[in-house]
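Visitor: need coordinates for the below:
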Amino acid sequence: MIRKATREDYNAVWKIFSEVIKTGDTYVFSPGTSKEDIQKHWFSDYMNTFVFEENNEILGTYIIKPNQIGLGNHIANCSYMVSPNAQGKGIGKQLCEHSLEFAKESNFKAIQFNIVVSTNKTAIKLWEKYGFKIIGTTPNGFRHLKLGFVDTHIMYKPL
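Guide: Got it, this is the predicted structure:
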């Protein structure tokens, strides 16, 4: 089940967030990001936070927010995380589908991912399956903890 996150989900979301970022291979957040910082990164007032819950356990989460302020707020931006021990079970797919519906219901005209790490082939393949296109590449836009500098992509899907 996918539902709006509540304050009671904070610790479960932090667990997923910290596990995902500690590898330093898919998100710009420093692996040393503190638990207190998740408030501004995942629970700010200007974003909507959702969780994927199964058998009373939070296995995934995503945020959706305006990509820009003011005259750019008609394009959404999303970030998704799935617990490492729950990956490969279709949770990312369900989060993506939910975000597309929520974006449409919220009158966004498109979704744009600003930084998709080029080595994150699983994510790129998933986003392309749902109609996202790579519309730009930033050379060496990410400091991958194992591979060094790698490219990042901007991906976009009109709604």
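
Visitor: could you list the buried residues of the longest helix seen in the chain?
Guide: Counting residues, the longest helix found in the chain (DSSP state H) is helix 91-105. For helix 91-105, the neighbour count (16 or more other C-beta atoms under 10 Å) marks Ile91, Gly92, Gln94, Leu95, Cys96, His98, Ser99, Leu100, Phe102, Ala103 as buried. C-beta coordinates here come from the backbone N, C-alpha and C atoms, glycine included.

Visitor: closest one of the residues you listed to Thr119?
Guide: Within the buried residues of helix 91-105, the smallest distance to Thr119 is 16.5 Å, found for Gly92 (C-beta to C-beta).

Visitor: wait, that closest one touches Ala86, no?
Guide: No - Gly92 lies out of contact with Ala86 (C-beta atoms under 8 Å); the separation is 9.5 Å.

Visitor: anything in contact with each of the two?
Guide: Gly60 (C-beta atoms under 8 Å, 6 or more residues apart in numbering).

Visitor: helices or strands up against the helix or strand bottoming out on mean pLDDT in the chain?
Guide: None of the helices or strands of the chain scores lower by mean pLDDT, DSSP states H and E than helix 38-42, at a mean of 92. Secondary-structure packing of helix 38-42 (3 or more C-beta pairs under 8 Å, 6 or more residues apart in numbering; DSSP states H and E): helix 10-21.

Visitor: how about the strands in the protein?
Guide: Along the chain, the segments classed as strands by DSSP state E run 2-4, 48-54, 57-66, 75-82, 110-117, 133-144, 148-158.
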